[in-house]
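Enquirer: following is a predicted model, sequence given first.
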Amino acid sequence: MRDDPASVGKPLAPRSISSSELLGGQLSVTIDHEGMCYVLRATR
């Protein structure tokens, strides 16, 4: 199943990251995707 498109780009060994790592040090990040707006906020 090496050519499964759903698995492309996924890390081999998932690890948990902090919200500050995910957001690159910002308090919140807004993502606008196909008319839907998502807001990611750091919890700590």
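Expert: Okay, I see it. Note that the structure is predicted; figures quoted are calculated from it, not measured.
Enquirer: contacts, neighbours, all on C-alpha from now
Expert: Will do.
Enquirer: look up the pLDDT of M36 for me, please.
Expert: As summarised for this prediction, M36 has a pLDDT of 90.
Enquirer: cool, L12 as well?
Expert: Looking at L12, the pLDDT reads 61.
Enquirer: and what of T30?
Expert: If you check T30, the pLDDT there is 87.
Enquirer: which SS class is it?
Expert: In three-state terms, and counting by DSSP: H, G, I helix; E, B strand; the rest coil, T30 is strand.
Enquirer: could you check how many residues crowd around the residue nearest to it when sequence neighbours are not counted?
Expert: Spatial nearest neighbour of T30, chain neighbours left out: V39 (4.4 Å); criterion: C-alpha to C-alpha, 6 or more residues apart in numbering. Counted with other C-alpha atoms under 10 Å, the neighbours of V39 add up to 9.
Enquirer: look up how far I17 lies from V39.
Expert: According to C-alpha to C-alpha, to the nearest Å, V39 stands 18 Å off from I17.
Enquirer: go on, G25?
Expert: G25 is 12 Å from I17, by C-alpha to C-alpha.
Enquirer: check S28 too.
Expert: From S28 across to I17, the span is 16 Å (C-alpha to C-alpha).
Enquirer: so for the two, which residue has more residues nearby?
Expert: With neighbours defined as other C-alpha under 10 Å, S28 and I17 compare such that S28 has more, 15 against 8.
Enquirer: would you map the strands across the protein?
Expert: 28-33, 36-41 (DSSP state E).
Enquirer: take those strands and lay them out in JSON lines including distance to E21.
Expert: As requested, the strands of the chain are arranged in JSON lines below (distance: least, C-alpha to C-alpha, whole Å):
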{"stretch": "strand 28-33", "distance to E21": "12"}
{"stretch": "strand 36-41", "distance to E21": "12"}
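Enquirer: buried stuff in stretch 37-44?
Expert: Using 16 or more other C-alpha atoms under 10 Å as the test for burial, stretch 37-44 gives no buried residues.
Enquirer: from here on, call the first residue 41.
Expert: OK, 41 is where the count begins now, so the last one is stretch 77-84.
Enquirer: who is C77 paired with across the strands?
Expert: Beta bridges link C77 to D72, judged by DSSP bridges.
Enquirer: you'd agree it is up against V69?
Expert: No. Using C-alpha atoms under 8 Å, C77 is not in contact with V69; the gap is 10.5 Å.
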